[in-house]
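K.L.:
Sequence first, predicted coordinates after that:
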Amino acid sequence: MENRKAIPDGYMTVGELAGKMGTTVRTLQYYDRVGLLKPAAASEGGRRLYTHKDMIRLHQIQSLKSLGFSLDDIKNRLIPLDTPEEVAEMLAGQEQAIRQQIRRLEEVAAETKALREEVLKIKEVDFKKYADIIVNLQMNNEFYWLIKHFDERTLDHIRNRFDRESGMAFIDRFNKLDDRVLAVKESGVPPEDDRAMELAVEFWDMVVEFTGGDMSMLPELMEFGNMMDEDHAWARKQAEVNQYLQPGLERYFRETGMDPFGKEGE
């Protein structure tokens, strides 16, 4: 009791502050040494003394630390707490940081759920495919689910031929071509029309670009097309595009004497 009576009203010892805020004396001593949370005063015996303002400051430090900020980052974020406006500003910044963390955690949760679903569909342990799926989820590539349909050779080809930027650019161009194809189809242009064949040639050029001219990949790509989940909207869309372009492709191959599965004509 004598020791407590020596503490002025409105102050608390380092042990009392640590107890109230669920931390340790050693942590508060460290915050003092690095200049993050200095005691408001010292007792006659040299004991660290803190106020309720220091408690609010400590709460801010603990909240930011729980969000992954380093102590240096936290130190730069601390502002004076001398007016209601400054306290409100501090709390607004803290709220914003928390909401950003919530959004990030929601994204991580969604990625984890998607990966779990893909793992069950792959039906075998394949960490390389898991890694590819994770990378594409982090890229916000909505076509991450296609990965499970590719064999290892095709996936190695994709990994070696495309980086993040070029891969996403290729997907974007391919989807825009699909949209143009469907627009032409919906306008009533028959598949045998020259306009449809021009789109078929563009489609074929993208296939060649994707394979790098390696026609030995075509059987795998065709099998891949047959394996795609027909319940998926993109798969249904692609099946419609493929069916519409088929006559144009066959005409193009006849007129050029090209045999994609053999050798080019004489």
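P.N.:
Cool, got the structure. Numbers count the residues shown, from 1 in each chain.

K.L.:
Show me what the longest helix along the chain is packed against.
P.N.:
Determined from DSSP state H, the single longest helix within the chain is helix 84-122. Packing partners of helix 84-122 (3 or more C-beta pairs under 8 Å, 6 or more residues apart in numbering; DSSP states H and E): helix 52-66, helix 127-138. For the C-beta atoms, the positions are set from N, CA and C on the backbone; glycine is no exception.

K.L.:
Could you dump these into TSV with distance to residue 112 and mean neighbour count added?
P.N.:
Shown next, in TSV, are those (distance: least, C-beta to C-beta, whole Å; neighbours: other C-beta atoms under 10 Å):
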stretch	distance to residue 112	mean neighbour count
helix 52-66	20	17
helix 127-138	9	16
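
K.L.:
worst average pLDDT in those helices?
P.N.:
Looking over the helices and strands packed on helix 84-122, mean pLDDT reaches its minimum on helix 127-138, with a mean of 74.

K.L.:
what number of residues lie near the nearest residue to residue 61 once chain neighbours are set aside?
P.N.:
In this structure, residue 61 finds its nearest non-sequential neighbour in residue 74, 5.7 Å apart by C-beta to C-beta, 6 or more residues apart in numbering. Neighbours of residue 74 under the rule other C-beta atoms under 10 Å: 19.

K.L.:
Equivalent analysis for residue 50, please.
P.N.:
26.

K.L.:
OK, contacts around the closest residue to it other than its chain neighbours?
P.N.:
Closest residue to residue 50 apart from its sequence neighbours, by C-beta to C-beta, 6+ apart: residue 17 at 4.6 Å. Counting by C-beta atoms under 8 Å, 6 or more residues apart in numbering, residue 17 makes contact with 28, 50, 54-55, 58.

K.L.:
hey, C-alpha coordinates of whichever helix or strand residue 17 is part of in CSV?
P.N.:
Following DSSP states H and E, one finds residue 17 within helix 14-21. Extracted in CSV, the C-alpha atoms of helix 14-21 (Å, rounded to 0.1, in the frame of the first residue of the first chain):
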residue,chain,number,x,y,z
VAL,A,14,4.3,0.1,-15.7
GLY,A,15,3.0,-3.1,-14.1
GLU,A,16,-0.5,-1.7,-13.8
LEU,A,17,-0.6,-0.5,-17.4
ALA,A,18,0.7,-3.8,-18.6
GLY,A,19,-2.0,-5.6,-16.6
LYS,A,20,-4.8,-3.4,-17.9
MET,A,21,-3.7,-3.7,-21.6
